[in-house]
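A.B. asks: For reference, the sequence and a predicted model appear below.
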Amino acid sequence: MSLLKSVWHLIRAHHWWNYKLPLALMAAYAYASKENISFNTIIFPSLIILFLGFIAATYASLVNDFMDYEQDLFSGKETQLMKIKRSNHWIVFATSLILSIYAGYLIRAYPISLLCFATIILNFSLYSIPPFRLKEKGIWGVISIALGEHFLPALLAILIIKEATHSQSSTVWVFFMLLWAFTFGIRGILWHQLMDEKTDQLAGCNTALASNEKTKLLKIGRFIIFPLELISFLYLLTSSASYLAWFFFIFYLLLELMRYKFMSANIMILAPLPNARFFLFEYYQIFFPLSLLLASLWTTPSAIILIIAFVLLFFSPVFQVYHHCQHFWMTKASWIYVLRLSITSNKFYQGIHNFFK
């Protein structure tokens, strides 16, 4: 168990497992729902998407830590890689590269998906490895991460489903999905760089927000990137034609309001705040994919397999939603508590009885 925990920390899975992989699966489920693809035909492709995402994220984490070793050491930042002998770092890096090549070999039957996966690996290499090292090329580093962590994984998820099911795709819908993925990726990396700004400056790492582009980028993030993210996702939400997705969207907004009012949470668009909630992320991560899976149960009961797998794989954020809802269920000042009293009262059931008389 300790070995698995060490490996988990070495590949920094706690930084991306619950935060990147669910979004790739969301893109796959949204595509299947839009194109009326039976969800029982995407169970195996979903496993492929998950596996490829795991391998790509592992490679990205290790190549970044491998190339950042001296800077991290200088700035006082500790990584799991530092606990391994310096002479063995090349073995770790080579292993992650070999696994990436093997993953590509496994999807050789899907040539377009293979090309997309190879582009993801190439992108992360260019981001971290000199002389390219886009990480220190200002805005190019921001674009590289947005592409590697969100845009290309969303495209890969769509391509895997498309090639596995031989389906046709709506160009307009795919455009808006990729626009959403790219703009959300931009917002995410800007937030991340804001969090690491002091450490990056200390290490001499010239990220976009550690340079003189900071003020301009923050304005672009707030007034261009986020509105585009919101518009593109509202298009996806509308085109899903799912009442359940809209119900969960409203529920999510109310839940965030409850957190703000009763848990001192701060809703955050871009700039870091204490006890912050990254606006809309939880909906993208949990509510939207689960709403699509739940809606599919009416026509594809076997989708329950995907629902159970999703909840188990991303149990931590799902449980957090459950825990917060349970808290508000018992909080007398909350609207959920009022709802609870309503549906458990005799007057509520008497009213329903009278209505249907």
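C.D. replies: Right, received. Where do you want to start?
A.B. asks: how about F278, what does it touch?
C.D. replies: Contacts for F278 were tallied using C-beta atoms under 8 Å, 6 or more residues apart in numbering; they are G188, W191, M268. Where C-beta positions appear, they are placed from N, C-alpha and C, glycine not excepted.
A.B. asks: which non-adjacent residue is nearest the last one?
C.D. replies: What that stands for is M268. Once flanking residues are discounted, M268 sits nearest to A276: 4.1 Å by C-beta to C-beta, 6 or more residues apart in numbering.
A.B. asks: For the one you found, give the beta-bridge partners.
C.D. replies: N266 (DSSP bridges).
A.B. asks: and it, how far is that from A181?
C.D. replies: 22 Å (C-beta to C-beta, to the nearest Å).
A.B. asks: Who has more neighbours out of those two?
C.D. replies: A181 (29 against 15; other C-beta atoms under 10 Å).
A.B. asks: Can you tell me the SS state at the more buried one?
C.D. replies: helix (DSSP: H, G, I helix; E, B strand; the rest coil).
A.B. asks: For the residue nearest to it when sequence neighbours are not counted, give its distance to L23.
C.D. replies: Nearest residue to A181 in three dimensions, chain neighbours excluded: A154, at 3.9 Å (C-beta to C-beta, 6+ apart). The gap separating A154 from L23 is 7 Å, by C-beta to C-beta.
A.B. asks: any residues in contact with both of those two?
C.D. replies: With C-beta under 8 Å, 6+ apart as the test, A154 and L23 both reach A181.
A.B. asks: Angles on the backbone of Q168, please.
C.D. replies: Dihedral angles of Q168 (phi, psi; degrees, to the nearest 10) stand at phi -90, psi 160.
A.B. asks: Make sure it is actually in contact with E35.
C.D. replies: Yes - under the criterion of C-beta atoms under 8 Å, Q168 makes contact with E35 at 7.0 Å.
A.B. asks: Neighbour count: the two, which is higher?
C.D. replies: Between Q168 and E35, counting by other C-beta under 10 Å, E35 is the more crowded of the two (16 against 8).
A.B. asks: give me every residue that touches the more buried one.
C.D. replies: E35 touches S167, Q168, S169, S170, counting by C-beta under 8 Å, 6+ apart.
A.B. asks: Buried only: go through the residues you listed for me.
C.D. replies: S167 (16 or more other C-beta atoms under 10 Å).
A.B. asks: show me where pLDDT drops low in the stretch 251-357 of the chain?
C.D. replies: Low-confidence segments of the stretch 251-357 of the chain, defined by pLDDT under 70: 332-333, 339, 342-357.
A.B. asks: in it, which spans are helices?
C.D. replies: Using DSSP state H, counting those that start in this stretch, the helices of the stretch 251-357 of the chain run over 281-282, 288-296, 304-313, 315-330, 335-343, 346-355.
A.B. asks: The stretch 1-150 of the chain now?
C.D. replies: 2-10, 13-16, 21-34, 43-67, 69-75, 89-106, 111-128, 139-146.
A.B. asks: Any idea how far the shortest one is from the middle of the chain?
C.D. replies: Distance, stretch centre to chain centre, for helix 13-16: 11 Å (C-alpha atoms, centre = their mean, to the nearest Å).
A.B. asks: Give the buried residues for it.
C.D. replies: So, applying 16+ other C-beta under 10 Å, buried residues of helix 13-16: A13, W16.
A.B. asks: What about L73, how many residues nearby?
C.D. replies: Count around L73 with other C-beta under 10 Å applied: 13.
A.B. asks: Pull up the gap between it and A109, please.
C.D. replies: Taking C-beta to C-beta, one finds L73 at 43 Å from A109.
A.B. asks: Just want the phi and psi numbers for the closest residue to S38 other than its chain neighbours.
C.D. replies: Closest residue to S38 apart from its sequence neighbours, by C-beta to C-beta, 6+ apart: T300 at 5.5 Å. The phi/psi pair for T300 (degrees, to the nearest 10) reads phi -130, psi 80.
A.B. asks: T300 contacts I43, correct?
C.D. replies: No - with contacts counted by C-beta under 8 Å, T300 stays clear of I43, the gap being 10.1 Å.
A.B. asks: before we move on, back to that, assumed the residue nearest to A181 was part of a helix.
C.D. replies: Yes - assessed with three-state DSSP, A154 lies in a helix.
A.B. asks: ok, it - contacts?
C.D. replies: L23, A24, A27, M177, L178, W180, A181.
A.B. asks: give the contact list for the last one.
C.D. replies: Taking C-beta under 8 Å, 6+ apart as the criterion, A181 is in contact with L23, A27, H150, F151, P153, A154, L155.
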